[in-house]
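A.B. asks: how would this look folded up:
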Amino acid sequence: MTFRSLIPLFRRQMGDRKRQRDDSVHPHSSENIELSEEQNVSKGNDIISSLPGNVLHHILSFLSTKDTIRTSILSTKWEYLWTSISNIDLNDDTFPPTGKKEDRSFLDFVDRVVIFHDMSDIKSLSIKSSELVNPSRVNSWISDSMRHNIEELNLSLRLKAQPVLPCHLFTCQSLVTLKLCMNWTNWSLKVPSLTHFWNLKTLELSYATFSDDNSTQHLFSSCPVLQELALLNCGWENLKTMTICIPTLRRLTIENETRWTRDVLSCVTKIYAANLIHLRCISSLVVDFRLYDLCLLVEASIGLYNNYSAEDVTPQVLGLLSGVVNVKRLSIKSDTIKCLMLVENLLDHLPTFYNMIHLELNLEFYGLCFGILMVLLEKSPKLEFLNFEKVRL
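C.D. replies: Have a look, this model is predicted:
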């Protein structure tokens, strides 16, 4: 019998226990007078509860956190088993409001789950909520999880006020993955002077506003083994130069939906990542991207948008494409193609992609982009695959 085959039996036991509780309330209900043969077997012969503790924990790993906590009703052996689970995933989408005044909020539930966890380690903690959260509450969750040698921390929250993350988060030695989405206007990311993520391999920041050039560079340089970095809809208004120099970096994602103007933002972003294999860059051209030594790049997706004249876009567009010249698979979004249409004598300025075998183009109007397509084909001597998306003739 496999672990997965035990899950239906396990769920049936939970249902049986609920029915047994209902029987005690309605002992003379005609539906409860007789138990089926299957129910008698499961009631008299509790197969699962007799299994070793490590096996029970493995079974619980197949359940959601909410269902895992529900197992506390099965028996005294199960009552506190949930307090030692290593993976906690809490999402208020799975806690629909009932409208009852006595209902405790999802955030109260999170408090109890985190606080009542026993002394065992927490491998991953993921909390996603659309409720407004007080930053002090968030800091309590972070601090409690760190006492359990947290490895993966993923918080996606709406905040009531400006957050100030606890300083000891920035020196956590157990963290391997850190994903923070603090959706609050102008959330300013404060990086302490003492910052060192010894084992952090994945860092994802969403809706964070970078304070200044030095603190941002300090953050990246304090991640000596970082392999994946994602900056999603972050605020760059305070930056003049952002330097990402991470030799171990393998995947980099930069996405910004804000259509900045030059009077608001003018930032140079320098990327040094000799081991980078995947790049996704969706941004305004007011951010001047400069890429260095991306010799191992395999896949790149480029989406640049702009509202300026040809002389404003030529250096940025050509500079970015020159930085990914070693790529094998390239995806160019429609806004980038519009920028290329503004470049005079594109054939003379565009680099040759000697390694590229796969090209994907996002075209809005095929007829207007035909000249760009011909140039790209001429500059891709080893091309094997050509894909079009959203083509309108």
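
A.B. asks: which phi and psi does Leu361 have?
C.D. replies: When quoted as degrees, to the nearest 10, the phi and psi of Leu361 stand at phi -120, psi 130.

A.B. asks: residues in contact with it?
C.D. replies: 331-332, 337, 369, 373, 376, 386-389 (Cβ atoms under 8 Å, 6 or more residues apart in numbering). Every residue, glycine included, has its C-beta placed from N, CA and C.

A.B. asks: now those: which count as buried?
C.D. replies: Buried members of these, counted by 16 or more other Cβ atoms under 10 Å: 331-332, 337, 369, 373, 376.

A.B. asks: dump those to a markdown table, plus pLDDT and secondary structure.
C.D. replies: Listed next are those as a markdown table, based on pLDDT from 0 to 100; DSSP: H, G, I helix; E, B strand; the rest coil:
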| residue | pLDDT | secondary structure |
| --- | --- | --- |
| Ser331 | 96 | strand |
| Ile332 | 93 | strand |
| Ile337 | 86 | helix |
| Cys369 | 76 | helix |
| Leu373 | 88 | helix |
| Leu376 | 94 | helix |
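
A.B. asks: buried sites along stretch 323-334?
C.D. replies: 323-327, 329-334.

A.B. asks: first residue to last residue on it, what's the distance there?
C.D. replies: 19 Å (Cα to Cα, to the nearest Å).

A.B. asks: check the offset of that stretch from the chain's centre.
C.D. replies: 23 Å (Cα atoms, centre = their mean, to the nearest Å).

A.B. asks: those helices in the stretch 201-350 of the chain, which residues are they?
C.D. replies: 213-221, 310-323, 334-341, 346-349 (DSSP state H, counting those that start in this stretch).

A.B. asks: now, of those, which is deepest in the fold?
C.D. replies: helix 334-341 (a mean of 20; mean count of other Cβ atoms under 10 Å).

A.B. asks: summarise which helices and strands that one is packed against.
C.D. replies: On a contact count with 3 or more Cβ pairs under 8 Å, 6 or more residues apart in numbering; DSSP states H and E, helix 334-341 meets strand 299-305, helix 310-323, strand 358-362, helix 366-378.

A.B. asks: still on that earlier bit, pipe the buried ones among the contacts of Leu361 into a markdown table and attach distance to Lys66 per row.
C.D. replies: Output for the buried ones among the contacts of Leu361, formatted as a markdown table (distance: Cβ to Cβ, whole Å):
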| residue | distance to Lys66 |
| --- | --- |
| Ser331 | 38 |
| Ile332 | 43 |
| Ile337 | 46 |
| Cys369 | 50 |
| Leu373 | 51 |
| Leu376 | 50 |
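
A.B. asks: return the member of the residues you listed nearest to Asp118.
C.D. replies: Distance to Asp118, by Cβ to Cβ, is smallest for Ser331 among the buried ones among the contacts of Leu361, at 47.2 Å.

A.B. asks: partner residues bridging that closest one?
C.D. replies: Ser301, Glu360 (DSSP bridges).

A.B. asks: how about it, what does it touch?
C.D. replies: 299-302, 359-362 are the contacts of Ser331 under Cβ under 8 Å, 6+ apart.

A.B. asks: against Arg112, how distant is Asn199?
C.D. replies: 29 Å (Cβ to Cβ, to the nearest Å).

A.B. asks: between those two, tell me which one has more neighbours.
C.D. replies: Asn199 (15 against 11; other Cβ atoms under 10 Å).
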